[in-house]
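*Asks:* how would this look folded up:
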Amino acid sequence: MLDAKYIKQRLIYTFDGKPWYGDSVIVILKSIPFQNVNVSINGLNNKTIAHLVQHMISWQNFVVLKLKGNSEFNIELGSEEDWPKKEISTKEEWVSLIDKLTSQNKEISNHLMNIDEEYLSAKAPGVEYSNHFMIDGIIHHNLYHLGQIGLMNSILNQSQ
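*Replies:* Next comes the predicted model:
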């Protein structure tokens, strides 16, 4: 049986709560020094922390649009829409990027306020998988990239 309350709690705890494994997405992102966000590390396909956060925003936007019923919107893997370039010029732009990610996460969370198991089991609009699979997927997607971001930030902090 799918548990709507449980998946919403996981979304909240991992993003800005107190997950069992350590710091949440937002705690880690807010701890990153601005000078690290545009630096790429050899061997990581020229990705930067800002680039990874923008990628996370793209996929959270995908989920928001699907939850709103948009069956037409899609993101082609490996495309510019999947991996938009992002260069941050100021600390304020970095804060704004984190705020955008936070806003989208809250929009997803708010949408989940009144859902039930039937909704979770239903096929998401325009794709071949369920709402549950998609929502669970965005949680895993954010954590996957958070691991990359944390590793990059550690390497950059050690090299300074």
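
*Asks:* Low-confidence regions, this structure specifically.
*Replies:* Residues of the chain meeting the criterion pLDDT under 70: 1-2, 43-44, 160.

*Asks:* Helices of that one, start to end?
*Replies:* Taking DSSP state H as the criterion, the chain carries its helices at 4-16, 25-31, 49-67, 91-111, 117-121, 131-158.

*Asks:* residues of the second one that come out buried?
*Replies:* Of the residues in helix 25-31, those scored as buried under the neighbour-count criterion (16 or more other Cβ atoms under 10 Å) are V25, I26, L29. For the C-beta atoms, the positions are set from N, CA and C on the backbone; glycine is no exception.

*Asks:* One more: the longest one?
*Replies:* In terms of neighbour count (16+ other Cβ under 10 Å), helix 131-158 has its buried residues at 131-132, 134-136, 138-139, 141-142, 145-146, 149-150, 152-153, 156.

*Asks:* List just the nearest of these to A122.
*Replies:* Of all the buried residues of helix 131-158, A122 sits closest to N131, with 5.7 Å by Cβ to Cβ.

*Asks:* still on that earlier bit, any chance of JSON lines for the helices of the chain, columns distance to L77?
*Replies:* As requested, those are exported to JSON lines (distance: least, Cβ to Cβ, whole Å):
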{"stretch": "helix 4-16", "distance to L77": "23"}
{"stretch": "helix 25-31", "distance to L77": "22"}
{"stretch": "helix 49-67", "distance to L77": "11"}
{"stretch": "helix 91-111", "distance to L77": "20"}
{"stretch": "helix 117-121", "distance to L77": "24"}
{"stretch": "helix 131-158", "distance to L77": "12"}
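
*Asks:* right, and these - which one's nearest K85?
*Replies:* Taking these one by one with Cβ to Cβ, helix 49-67 is closest: 6.9 Å.

*Asks:* centre of the chain versus the closest one, how much separation?
*Replies:* Its chain's C-alpha centre and that of helix 49-67 lie 6 Å apart, by Cα atoms, centre = their mean, to the nearest Å.
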